[in-house]
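[1] pasting the structure only:
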């Protein structure tokens, strides 16, 4: 997992504009792993903590771990929950957690919208010794990227972003069926009992939220210069405006592997 893609100003766009998670997602994870207030949960690749904070009321302690200091700084500023601790580290650092939490101590490891940055096969194997019986790992995908949805406004947005970047945008960030099947097969191969569930909801979108979401997915080098961002926003507004009202249907997919 690399940190450079989410440094600098990108982290602030990530915190402000990335989708959060409805309580039903945390409820589903709590049920899958029978979470109690005695449990410790690790949210790996936590970013600015959108899922970390929702998990906090369902466990005794939640560790949010990410390799980008700027993302963790945003997470700390946005978090009031007293049972959340932030750690600097990547998926390759999982083994270093053993002295901190002890073997067989974690109830769950969640990876939300981040597994495509990781070596998932190695991660699934490395996590097992840290899990208590009945615990497991959850791969959470928070809907499709804004520019890949099956709507007219998304297609219009895709044209604007592709023109700006000078290349077609097609990365699914692990939300596509092939990736989900690959992750499920790897969980089974690592000895987990595999399950899945979906939480769906619909939400309105503003042009500013769409543009901010796009900026949150760019590297710092790709971001338009500050004085060019209003013009980019207006290009997005002109493209998606005719296709209003702007709404997105979000399918939060939870792929679980239980020890």
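    Noted; the coordinates are in hand. Predicted model, so just to flag it, every value in this text is computed and none were measured. Residues are numbered from 1 along each chain as shown.

[2] what sits against residue 70?
    By CB atoms under 8 Å, 6 or more residues apart in numbering, the contact list for residue 70 reads 6-8, 10-11. For the C-beta atoms, the positions are set from N, CA and C on the backbone; glycine is no exception.

[3] can you check residue 43 too?
    By CB under 8 Å, 6+ apart, the contact list for residue 43 reads 49, 51-52, 55, 62-65, 109-112.

[4] low pLDDT regions in the protein?
    By pLDDT under 70, the low-scoring segments of the chain are 1-4.

[5] skipping adjacent residues, who's closest to the residue nearest to the spatial centre of it in space?
    Centre of the chain computed as the mean C-alpha position; nearest residue by CA atoms, centre = their mean is residue 113, 2.9 Å away. Spatial nearest neighbour of residue 113, excluding adjacent residues (CB to CB, 6 or more residues apart in numbering): residue 142 at 5.0 Å.

[6] so what's the residue nearest to the centre of the chain up against?
    Residue 113 touches 45, 47, 140-142, 173-174, counting by CB under 8 Å, 6+ apart.

[7] from those residues, which is closest to residue 225?
    residue 47 (24.3 Å; CB to CB).

[8] I'd like to know which of the contacts of residue 43 are part of helices.
    Of the contacts of residue 43, the ones assigned to helices by DSSP state H are 51-52, 55.

[9] could I get those residues as CSV with distance to residue 157 and neighbour count?
    Listed next are the ones in helices among the contacts of residue 43 as CSV, based on distance: CB to CB, whole Å; neighbours: other CB atoms under 10 Å:
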residue, distance to residue 157, neighbour count
51, 25, 28
52, 28, 28
55, 31, 27
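
[10] which of the residues you listed lies closest to residue 85?
    Of all the ones in helices among the contacts of residue 43, residue 85 sits closest to residue 52, with 9.7 Å by CB to CB.

[11] so that closest one makes contact with residue 62?
    Yes - between residue 52 and residue 62 there is a contact under CB atoms under 8 Å: 5.6 Å.

[12] overlap in contacts of the two?
    Both residue 52 and residue 62 are in contact with 43, 84, where contact means CB under 8 Å, 6+ apart.

[13] residue 5 is in contact with residue 219, isn't it?
    Yes - between residue 5 and residue 219 there is a contact under CB under 8 Å: 4.9 Å.

[14] distance between the ends of stretch 114-124?
    Start-to-end span of stretch 114-124 (CA to CA, to the nearest Å) is 14 Å.

[15] cool, stretch 58-69 as well?
    Note: stretch 58-69 ends 26 Å apart using CA to CA.

[16] re earlier: ok, the residue nearest to the centre of the chain to residue 79 distance?
    Counting by CB to CB, to the nearest Å, the separation of residue 113 from residue 79 is 18 Å.

[17] thinking again about what came up before, wait, which of the ones in helices among the contacts of residue 43 is closest to residue 239?
    Among the ones in helices among the contacts of residue 43, and counting by CB to CB, the member closest to residue 239 is residue 51, at 30.5 Å.

[18] in contact with the nearest residue to that closest one once chain neighbours are set aside, which residues?
    Setting aside the residues directly before and after it, residue 51 is nearest to residue 112 in space (CB to CB, 6+ apart), at 4.3 Å. Taking CB under 8 Å, 6+ apart, we find residue 112 in contact with 21, 43, 45-47, 50-51, 140-142.

[19] quick one: which of the residues you listed is nearest residue 191?
    Looking across those and measuring by CB to CB, the closest to residue 191 is residue 140, at 20.7 Å.

[20] elements contacting the helix or strand that contains that closest one?
    Per DSSP states H and E, residue 140 falls inside strand 131-142. Packing contacts for strand 131-142, counted by 3 or more CB pairs under 8 Å, 6 or more residues apart in numbering; DSSP states H and E, involve helix 23-32, strand 106-112, helix 120-127, helix 177-189, strand 247-258.

[21] what pairs with that strand, parallel or antiparallel?
    Strand 131-142 has its sheet partners listed here by DSSP bridges as strand 106-112 (parallel), strand 247-258 (antiparallel).

[22] show me what counts as buried in that strand.
    131-132, 135-142 (16 or more other CB atoms under 10 Å).
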